[in-house]
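[1] Generate coordinates for the sequence data below:
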Amino acid sequence: MNFWLIFQSGLLHSQPKSKVGTPAYIAPEVISRKEYDGKIADVWSCGVTLYVMLVGAYPFEDPRDPRNFRKTIERIMSVQYSIPDYVRVSKDCRHLLSRIFVANPSKRITIEEIKKHPWFKKNMPKELVEGEKTNYENTSGDQSLQSIDEINRIIQEAKTPGEGSTTTGDMVLGDGSLDPDNDEIDLDDEIESSGDYADQV
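    Numbers count the residues shown, from 1 in each chain. So this is what the prediction gives:
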């Protein structure tokens, strides 16, 4: 998985224009063919990541036709998603997702606002809430670190699709063909070939 570029041509504060990335994580402003704030587009991508961790499927794929790239783009542009009934998600988490998945990037929650959100702060270690730096090198004896085996087990578990997930992780090209060897699609090519989303906001 990748997030949208914050850098363009090596310049730290330039406005990204790139539309290359993993389609399921695309923010609406990236599709719109205008310059966008990479940091706020990354907030959208992080929201997709959170949703996938909670639900085990991408938020904007049509559950009846998950491999249809054009439908995914339509659902992204209209911010059409839902949390399945079988997934238990707290009210605070639902609220955070609703603030992340906002089509207008100027109205989307920012990183600083996320840091203050009740769901983000819930069960936050005291040191982080108070803004203190945690020294991981000097952990006390009662703080156990995860073993490599446990980390690998968690990673393997995370790779397993959740209940209700119908995606395979393959990328769908604009012509409907699968590209299992490439996890990135050049959206300029896809949008131009479809003709459906050029110059839309």
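
[2] Quick check, Gly93 in contact with Trp119.
    Gly isn't right for residue 93; it's Cys. Yes. At 4.8 Å, Cys93 and Trp119 qualify as touching, with contact defined as C-beta atoms under 8 Å. Yep, even glycine has a C-beta here, placed from its N, CA and C like the rest.

[3] moving C-terminal of the longest helix that the chain contains, what's the next helix or strand?
    Secondary structure of the chain per DSSP state H: the longest helix is helix 38-55. Downstream of helix 38-55, the first helix or strand assigned by DSSP states H and E is helix 69-77.

[4] what's the angle between that next one and helix 38-55?
    Orientation of helix 69-77 against helix 38-55 (axes from the mean of the first three to the mean of the last three C-alpha atoms, to 10 degrees) gives an angle of 110 degrees.

[5] for helix 69-77, packing partners?
    When contacts are defined as 3 or more C-beta pairs under 8 Å, 6 or more residues apart in numbering; DSSP states H and E, helix 69-77 packs onto helix 28-31.

[6] For the helix it packs on, name the packing helices and strands.
    On a contact count with 3+ C-beta pairs under 8 Å, 6+ apart, helix 28-31 meets helix 38-55, helix 69-77, helix 187-194.

[7] Out of the ones you listed, which gets nearest to Arg153?
    Distance to Arg153, taken as C-beta to C-beta, is lowest for helix 38-55 among the helices and strands packed on helix 28-31, at 16.2 Å.

[8] Which parts of that closest one count as buried, going by neighbours?
    Residues of helix 38-55 classed as buried by neighbour count (16 or more other C-beta atoms under 10 Å): 38, 40-45, 47-48, 50-52, 54-55.

[9] State the pLDDT value of Cys93.
    Per-residue pLDDT puts Cys93 at 97.

[10] and it, which of the three is it?
    Under DSSP: H, G, I helix; E, B strand; the rest coil, Cys93 falls in the helix class.

[11] residue contacts, it?
    Residues in contact with Cys93 (C-beta atoms under 8 Å, 6 or more residues apart in numbering) are 50, 54, 119.

[12] Quick check: the first one touching Leu97?
    So the one you mean is Leu50. Yes. Counting by C-beta under 8 Å, Leu97 is a contact partner of Leu50 at 6.9 Å.
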